[in-house]
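>>> pasting a predicted model and its sequence here:
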Amino acid sequence: MSLDNSWFSEACDPCGSAFSLKVVKKLHEETSAFQKIEIYETATFGNFMVIDGFTMVTDRDNFLYHEMMSHPALYTHPKPDNVLVIGGGDCGTLKEVLKHPEVKKAQQVEIDERVTRLAEIYFPDLCSSNNDPRAELHFVDGIKWVQDAAPGSYDVIIVDSTDPVGPAEGLFNEAFYRNCHKALGEHGILVQQSESPLYHAKLIHEMRAAMQKSGFSDVLTYDFPQPIYPSGWWSGTMARKTGQLNTFRENDVKAKPFKTKYYSLAKHRAALEEELPLLQE
């Protein structure tokens, strides 16, 4: 990461590329018990959060990620009453989850409370559903939370994590997926952000293999744009405990009682019609 002449740049050295945003001013900086957190005001992307030098979220484009990390999984499950979000400290995914009236309880388990408290100040729109009576915020280790969860506790588990380094490293392995499998009910669905299909195909292959070894019956990787992340092309990987991922509640998507900016019936159908080219085995 560098900050020169009012530009913030995150370089992906192994990929040979970088992403930059023009910065107006730094709004906040601190080192929590887990990581360094910075908040900037940018010229064109609104407020911008950086963790340990890596781009995390902006006002302008966060809807792409948050919608695609929540709605495909929720509309694939036949009746998603209980939802767990692991990570997601900016609370954008939680906000999208709580747009679904059928959700009775949504628990967010984020290891670093400071991320959420800063999001409440600098990204208030993302945190606008934090006081929903169905929402629970827990600031503990998500890996241990899932390990200790009673069998069949959840319908959907969303792993909204940072890159697989530091506190998030343990969220990308077979042991974690086995615990998710146990914590999910009969029709349970796991979805996890799975990095860039262009730059991280090896990681995606390893994730998919680990999910299958953990007992999930079907795995699907879908893509979406995400300008602030390396390559601008991102993905999510869904795994279903039983059955297949090739059907979803299409009529409910057509009649959804809320608006989305990117997720749509067509986008969901497209995710099922073809796997990403770079992921063909």
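Noted; the coordinates are in hand.
>>> and whichever helix or strand residue 137 is part of, which strands flank it?
In this structure, residue 137 sits in strand 135-138 according to DSSP states H and E. In the sheet, strand 135-138 lines up against strand 105-109 (parallel) (DSSP bridges).
>>> roughly how far is the partner strand from the heart of the chain?
Relative to the centre of its chain, strand 105-109 is centred 14 Å away, using C-alpha atoms, centre = their mean, to the nearest Å.
>>> tell me the buried residues in it?
Across strand 105-109, burial judged by 16 or more other C-beta atoms under 10 Å covers 106, 107, 108, 109. In short, each C-beta sits where N, CA and C put it, glycine included.
>>> could you identify the helix or strand that succeeds the strand holding residue 137?
In N-to-C order, the element after strand 135-138 by DSSP H and E is helix 142-148.
>>> and that next one, what's its mean pLDDT?
Per-residue pLDDT over helix 142-148 has a mean of 95.
>>> how far does stretch 53-69 stretch from start to finish?
Stretch 53-69 has its terminal residues 23 Å apart, counting by C-alpha to C-alpha, to the nearest Å.
>>> give me the mean pLDDT for that stretch.
For stretch 53-69, the mean per-residue pLDDT is 97.
>>> pick the one among the buried residues of strand 105-109 closest to residue 203.
Distances from residue 203 to the buried residues of strand 105-109, taken as C-beta to C-beta, are shortest for residue 109 (22.7 Å).
>>> quick check, that closest one in contact with residue 147.
No. Taking C-beta atoms under 8 Å as the definition, residue 109 is not a contact partner of residue 147, at 11.6 Å.
>>> checking the closest residue to residue 263 other than its chain neighbours next. Helix, strand or coil?
Once flanking residues are discounted, residue 263 sits nearest to residue 67: 4.1 Å by C-beta to C-beta, 6 or more residues apart in numbering. Classification of residue 67 by DSSP: H, G, I helix; E, B strand; the rest coil places it in helix.
>>> contacts only, for residue 67.
Counting by C-beta atoms under 8 Å, 6 or more residues apart in numbering, residue 67 touches 96, 260, 261, 262, 263.
>>> do you know how far the closest residue in space to the second one that isn't next to it in sequence is from residue 73?
Meaning residue 260. Leaving out its chain neighbours, the residue that sits closest to residue 260 by C-beta to C-beta, 6+ apart is residue 67, at 5.3 Å. Distance of residue 67 to residue 73, given as C-beta to C-beta, to the nearest Å: 11 Å.
>>> and residue 210, which helix or strand is it part of?
Here residue 210, judged by DSSP H and E, is contained in helix 201-213.
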